[in-house]
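Trainee: model the structure of this input:
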Amino acid sequence: MIPEQRQGYGPNDLEDEGAQIPPHVGRAQHAFARMKQDFRQWLEVTEPEADSGQTMGTVSFVLSNCAARDVHWILTEPSVDTVREVLGFMEDHFPDILEDAKAGMGRFMEFLDESQLYSGSDESYEQVYELLVDDDAEEYSLVLIQEPQPVVIYSSSLDQAQALAAMEALPFVSKARALLRWMGKSKEITASATLRRKDIAAAAATLGEDAVGVATGYASGFWEPDTEGTLEVRSASEAPRLDLYWQMLRYAGLMELTSTRVRPTAFGMAFFEAEPRVSAIAAQSLATTAYQVLGGELPRSNGEAQLGHRAVAVMLMSGATEDPLTADYVLHGIDDGQIVLDDLANTLSGLLHNSVQRWIEDGLLEVGEHVQIPEVLLPSVATALAETFGASIGAPRPVRPRR
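Mentor: A predicted model of the protein is given here:
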């Protein structure tokens, strides 16, 4: 495991004129700047004795950290999950300003409500507001499920030959080989150990991803999930598939980085050449790494955690048990024909809808009536997340009767 990294900005980081601010964070800052004057006037009327400048600065700091975690961040519809994560981050790293941050954000929520700028549901508003103003709320870590009994993960019933055949049929295996093929003997990388912008298009294309590296501008296709056309990104980490497969190959030991180049390892070349003794092991390692990244156990290639990783971990773990989430719940936020408003459904079906579809397309998930882990990958999800969830390995998954 790599050392835990601080995931967020400090109060002084955003004041540095030379700071490299990601495009989605800059977008949130610009949106807040447009409403600053109205917010300041509202503060001066409703709370004339308070320091409006300090409140504005604190709110801007919190909103920037929220946007850093959520590329789809909507200023007028704050996500309770993201606000909770940022409060937890502040509690760990900036406890002296935590209470000011809560108070300032509470005032910002009141301003949005009274100015009729708030665009979310009443329930979402109440969840965020209660998180900010409830003095008894001391725990900010997101707990999406609490199991009264230890989680039991199904084991795989496949023998070695069956497992190899099943693994070779999964799309992520051929995609990983395609990226290794493009890599060849080696490719030049940047000082930050990522692909050069001019190489992003070719590398992403091997994974079926239409992306191109650009020097300026927003990664529009990343923070606007329905945007069609070529995804313009400033770094490889903003291309979702390329970002994930880079980490899969790296942490599975199939490629290695030097100070200037990336190249396949001997293990990676054996996998590329589909040597039977190596392929199954390598493919399981790739899947394990993928689940670790998606579930927040390993970072993305930019050092940040996967967006909504706690919700993803719940989906992955439940998909390996006797109680998987339904496809309607994960993909559409619907349960028994009714729209669900809980955080887990909102995160999976809304914020991560396109991401879940990609993971299904790549064979990391399978979907029918439920969203499940493919049987051949049950050992991978167990290795990736069982310890975190306190899970044990049980009997093979029973075969569901066909309807």
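
Trainee: quick one: the strands in the stretch 51-200 of the chain, in order.
Mentor: 152-155, 187-188 (DSSP state E, counting those that start in this stretch).

Trainee: oh, that last question was meant for the stretch 301-403 of the chain, not what I typed.
Mentor: 334-335, 338-339, 366-367, 371-372, 392-396.

Trainee: which residues touch the first one?
Mentor: Taking contacts as Cβ atoms under 8 Å, 6 or more residues apart in numbering, the residues outside strand 334-335 that touch it are 326, 328, 329, 340, 345, 349. Quick note: C-beta positions are derived from backbone N, CA and C, even for glycine.

Trainee: which of those sits closest to residue 262?
Mentor: Distance to residue 262, by Cβ to Cβ, is smallest for residue 349 among the contacts of strand 334-335, at 35.5 Å.

Trainee: what's near enough to touch the closest one?
Mentor: Taking Cβ under 8 Å, 6+ apart, one finds 329, 330, 331, 332, 333, 334 in contact with residue 349.

Trainee: and the residue nearest to it when sequence neighbours are not counted, how close does it get to residue 79?
Mentor: Excluding its sequence neighbours, the residue lying closest to residue 349 (Cβ to Cβ, 6 or more residues apart in numbering) is residue 333, at 3.6 Å. Distance, residue 333 to residue 79, by Cβ to Cβ, to the nearest Å: 14 Å.

Trainee: which of these two has more neighbours?
Mentor: residue 79 (24 against 20; other Cβ atoms under 10 Å).

Trainee: about what we covered before: buried subset of the contacts of strand 334-335 as a ChimeraX selection?
Mentor: Here is the ChimeraX command that selects the buried residues among the contacts of strand 334-335 (16 or more other Cβ atoms under 10 Å):
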select :326,328,329,340,345,349
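
Trainee: could you tell me the least trusted of the strands of the stretch 51-200 of the chain?
Mentor: Among the strands of the stretch 51-200 of the chain, strand 152-155 has the lowest mean pLDDT, at a mean of 92.

Trainee: that one: partners in the sheet, and parallel or antiparallel?
Mentor: strand 392-396 (parallel) (DSSP bridges).

Trainee: can you give me the buried ones in the longest helix along the chain?
Mentor: As assigned by DSSP state H, the longest helix anywhere in the chain is helix 23-46. Of the residues in helix 23-46, 23, 24, 25, 27, 28, 29, 32, 35, 39, 42, 43 count as buried by neighbour count, 16+ other Cβ under 10 Å.

Trainee: do I have it right that the first one meets residue 233?
Mentor: Spelled out, it's residue 23. No - using Cβ atoms under 8 Å, residue 23 is not in contact with residue 233; the gap is 9.1 Å.

Trainee: hang on, the earlier thing: pick the most deeply packed of the strands of the stretch 51-200 of the chain.
Mentor: Mean neighbour count, computed with mean count of other Cβ atoms under 10 Å, is highest for strand 152-155 among these, reaching a mean of 19.

Trainee: touching that strand from outside, list them.
Mentor: For strand 152-155, the surrounding residues in contact (Cβ under 8 Å, 6+ apart) are 317, 320-322, 375, 378-379, 381-382, 386, 391-397.

Trainee: as a markdown table, the contacts of residue 349 with pLDDT and distance to residue 299 would be great.
Mentor: Shown next, in a markdown table, are the contacts of residue 349 (pLDDT from 0 to 100; distance: Cβ to Cβ, whole Å):
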| residue | pLDDT | distance to residue 299 |
| --- | --- | --- |
| 329 | 94 | 28 |
| 330 | 95 | 24 |
| 331 | 94 | 26 |
| 332 | 92 | 30 |
| 333 | 90 | 28 |
| 334 | 92 | 32 |
